[in-house]
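Visitor: The following comprises the amino acid sequence and a computationally predicted model.
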Number of protein chains: 2
Amino acid sequence: MKRDLDQVFAALADPTRREILTMLLEDDMAVTDVAHPFEMSLAAISKHLGVLTNAGLISQEKRGRVKWCKLEPDALREASVWMQSFGQFEPVNLEAFERFLQAELPLASDSES
Amino acid sequence: MKRDLDQVFAALADPTRREILTMLLEDDMAVTDVAHPFEMSLAAISKHLGVLTNAGLISQEKRGRVKWCKLEPDALREASVWMQSFGQFEPVNLEAFERFLQAELPLASDSES
DNA sequence: CCCATATTCAACCAGATGGTTGATTTTCCT
DNA sequence: AGGAAAATCAACCATCTGGTTGAATATGGG
């Protein structure tokens, strides 16, 4: 049960991959450009991107000779939900959600009034 | 930077360890009792508990000859915050938070009216 | 004191992981 | 056509992981 959570969390366990995700937060990127800031081979980055893809955290689309990497937040959300199930018993978590709510509630109240 | 996120996410990447955390959600438990529902050796569970302890997700206190395991939600919260920084840019995340809000907002509105 | 219980330690094993290098494939450009 | 660029593949390596078993180390109870 929930075998893919394994892959999501395992993918997140590597700092290089988390940094890649952070980079993709700003914009879609080509593999070479993803690799550029890291001091490791292109092949290594390619592998990391494979892990992220398998976990569903990113998607890769080949256009021409470049392969574009795009963040896929759905997988991340699934893991986030799992973690929140722990937060539920812990009121302290609310504080962390506060700024999130401040940003999102205006939209949500749309369907409330 | 943020080296311990590595350990937290790596610890969460194993289904046995996630199940242990879920069990500890209910109550503190002795090592033997944690091991009971699993079809693996006590030593294996002991190792898993070591990983969870190193990640800071649980703490272990020895009282007499039994060692009690206790959930430590702080480490989890740290990881949760990291994930939320991704959710912030994605409104679709709201849906996942909905039931969380349903559970928490009544409490939060306590200090609002 | 002696035994059973609770837990860890130590050695070992198979398989995954994270990296390397060099060759290969595909595509673009002139 | 031919060369350079983008990316992956393949083989290899060291280390980590998740499990095993058997012995060792407390600690508690009669």
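Guide: Looks like it arrived, so ask away. Because the structure is predicted, anything quoted here is derived from the model rather than measured.

Visitor: I figured residue A:23 was touching residue A:30, is that so?
Guide: No: judged on Cβ atoms under 8 Å, residue A:23 makes no contact with residue A:30 at a distance of 11.5 Å. All C-beta atoms are positioned from the backbone trio N, CA, C, and that covers glycine.

Visitor: shared neighbours of the two, anything?
Guide: Here residue A:23 and residue A:30 share no contacting residue, scored by Cβ atoms under 8 Å, 6 or more residues apart in numbering or on different chains.

Visitor: Return the distance of the residue of chain A at minimum distance from DNA strand C relative to DNA strand D.
Guide: Proximity to DNA strand C, evaluated over chain A using Cβ to the nearest atom of the strand, is greatest for residue A:64 at 2.6 Å. Noted for residue A:64: a distance of 8 Å to DNA strand D, by Cβ to the nearest atom of the strand, to the nearest Å.

Visitor: pLDDT below threshold where in chain A?
Guide: A:1-3, A:86-113 (pLDDT under 70).

Visitor: What ranges does it have for its strands?
Guide: Secondary structure of chain A, counting by DSSP state E: strands at A:29-30, A:58-63, A:66-71.

Visitor: Name the residues that touch the shortest one?
Guide: This points to strand A:29-30. By Cβ under 8 Å, 6+ apart, the residues outside strand A:29-30 that reach it are A:23, A:66, A:67, A:68, A:69.

Visitor: who in chain A is up against DNA strand C?
Guide: A:10, A:13-14, A:16, A:39-41, A:43-44, A:47-48, A:51, A:64-65 (Cβ under 7 Å from any atom of the strand).

Visitor: Quick one: buried ones out of these?
Guide: Buried members of the residues of chain A next to DNA strand C, counted by 16 or more other Cβ atoms under 10 Å in any protein chain shown: A:10, A:13, A:14, A:48, A:51.

Visitor: Of those, which belong to helices?
Guide: A:10, A:48, A:51 (DSSP state H).
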